[in-house]
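In: no sequence for this one, just the structure:
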């Protein structure tokens, strides 16, 4: 009995020690180490003519620069119209900058700085938009290409993605140029013409900058936003993308003899083989991992969260499985922590009573930093085993971007300006979609992805969806952000 008692006391001592370690780590936890932003003097606000900015955004929305799945459906003249609008609406900005046009109607403006020894900054915003799904036009509160200014917002496709950024940046540059501002550091503005089609515009811009010998201090493109109700603290949080996932589509093909459906083979043909292969791949997901930019966001915000959040993050060594379960509970949360697998397209027989001679599926991957297209292919091959299918990339994959610094001067300037405009704390994170900025990584020290618009989590659904709109409040914040960023970084 005494031995049992000693064991019990020993266990109690271990539990007490463990509890003490957990509590000490929790109460002393300060989050992920980041840059001290105290040394950055953010430029003061400027006067913004919101009505004028809204009018220009409305006009831009009314020009349907739509990139379709089939390029033959694109109307090149719409890009010409948009370029003309920018020249007409922003004459002082155009007088201050030089402009070149590259592939896919991509434009690059250069506002030359007075000190060529300083590395430039690069701002980005694309011109093209996604189509409106046929048959859904009546679901819009205002016509999707009407550019209505109503209910305190500009309505229409592209008002956020990404003509809002395009117009806001030009409003800022026009206002600064009219004030006589001359940057010390060169400011370059890249506006891709085919971002939504993952086209040739951004690679052409990167090649052009490389030919000029440019290594930018930082690049800023669209990507993440200010969340009004972030899921960790439920408060406001400006989230800046320090990296983005890679993009690859795997084509899975099952060959078969084909024939009449009245006499199917014993194995039921290529369609069944394909179904087994796709299921095998989808049933072997990449494991969640509490690391990388997605986890960095949680670590940065945790000190401001509730006690349980702080305790779990401060003691990841103990609560790692719980963290993964909670952070990955939603599809959006899980996407931050692993490479995702999404079967998206299928092709089989051209007729219901004909066995296909080949059946094909397309599986879209968003590749997390730490994985590569090679590891994705290896995992898919292991999943299908000896099933008689062929695996091939539908196009050359885009690998995950490098992870940019959260201690560099560029990060400090960007984070300080974002925090000042949004009046919110700032955290890094991962962009799970793709942007043009990934192509500019070879010509920049750091690449960041952020729009200074404030959304509730539910509002993000309207991007690429129905009733996309930019509130005038957000439009004013965007103009302020770009103006203050340019003066802070290049003044």
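Out: Perfect, thanks for sending it. Quantities reported herein were computed from a predicted structural model and do not represent experimental measurements.
In: would you map the helices across the chain?
Out: Assigned helices in the chain, in chain order: 2-27, 50-61, 76-89, 91-96, 163-178, 201-211, 270-282, 292-301, 307-314, 316-327, 331-335, 373-384, 409-422, 472-490 (criterion: DSSP state H).
In: what stretches of this protein score poorly on pLDDT?
Out: 1-18, 21-22, 24, 26, 31-35, 258-260, 262-263, 266-268 (pLDDT under 70).
In: domains for the chain, by residue range?
Out: Per automatic domain parsing, the domain ranges recorded for the chain read 50-233+403-490, 246-393.
In: could you dump those to CSV with distance to residue 29 and mean neighbour count?
Out: In short, each C-beta sits where N, CA and C put it, glycine included. Below are the domains of the chain laid out as CSV (distance: least, Cβ to Cβ, whole Å; neighbours: other Cβ atoms under 10 Å):
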stretch, distance to residue 29, mean neighbour count
domain 50-233+403-490, 14, 20
domain 246-393, 4, 17
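In: out of these, which gets nearest to residue 28?
Out: Comparison of those against residue 28 by Cβ to Cβ identifies domain 246-393 as nearest, at 7.8 Å.
In: ok, and the closest non-adjacent residue to residue 340?
Out: In space, and not counting its chain neighbours, residue 340 is closest to residue 366: 4.8 Å by Cβ to Cβ, 6 or more residues apart in numbering.
In: now do the same contact list for that neighbour.
Out: By Cβ atoms under 8 Å, 6 or more residues apart in numbering, the residues touching residue 366 are 245-247, 335, 339-340, 342, 432-433.
In: show me these that map onto strands.
Out: Among those, the members falling in strands (DSSP state E) are 246-247, 340, 342.
In: now flag whichever of those is closest to residue 102.
Out: Using Cβ to Cβ, residue 247 comes nearest to residue 102 of those, at 21.6 Å.
In: what count of nearby residues applies to the residue nearest to that closest one when sequence neighbours are not counted?
Out: In this structure, residue 247 finds its nearest non-sequential neighbour in residue 398, 4.5 Å apart by Cβ to Cβ, 6+ apart. Number of residues near residue 398 (other Cβ atoms under 10 Å) recorded here: 17.
In: wait, isn't residue 398 in contact with residue 248?
Out: Yes - at 7.0 Å, residue 398 counts as touching residue 248 under the criterion of Cβ atoms under 8 Å.
In: for the closest residue in space to residue 379 that isn't next to it in sequence, what are its contacts?
Out: What sits nearest to residue 379 in space, not counting adjacent residues and going by Cβ to Cβ, 6+ apart, is residue 284, at 6.6 Å. By Cβ under 8 Å, 6+ apart, the contact set of residue 284 is 379, 382-383.
In: which stretch among the domains of the chain comes nearest residue 19?
Out: Of all the domains of the chain, domain 246-393 sits nearest to residue 19, with 10.7 Å by Cβ to Cβ.
In: thought residue 219 was touching residue 446?
Out: Yes - with contact defined as Cβ under 8 Å, residue 219 counts as touching residue 446 (7.3 Å).
In: in the sheet, who's paired with residue 187?
Out: Using DSSP bridges, the beta-bridge partners of residue 187 come out as residue 111, residue 121.
In: isn't it right up against residue 114?
Out: No - if you go by Cβ under 8 Å, residue 187 and residue 114 don't touch, sitting 11.6 Å apart.
In: next, count neighbours for the residue lying closest to residue 487 once chain neighbours are set aside.
Out: Counting by Cβ to Cβ, 6+ apart, residue 43 is the residue found nearest to residue 487 once chain neighbours are left out, at 3.6 Å. Close neighbours of residue 43, defined as other Cβ under 10 Å, add up to 19.
In: residue 43 contacts residue 491, correct?
Out: Yes - using Cβ under 8 Å, residue 43 is in contact with residue 491, at 6.4 Å.
In: now do the contacts for residue 176.
Out: Contacts of residue 176 by Cβ under 8 Å, 6+ apart are 46, 483, 486-487.
In: if anything else comes up later, I'll come back, but that's it for now.
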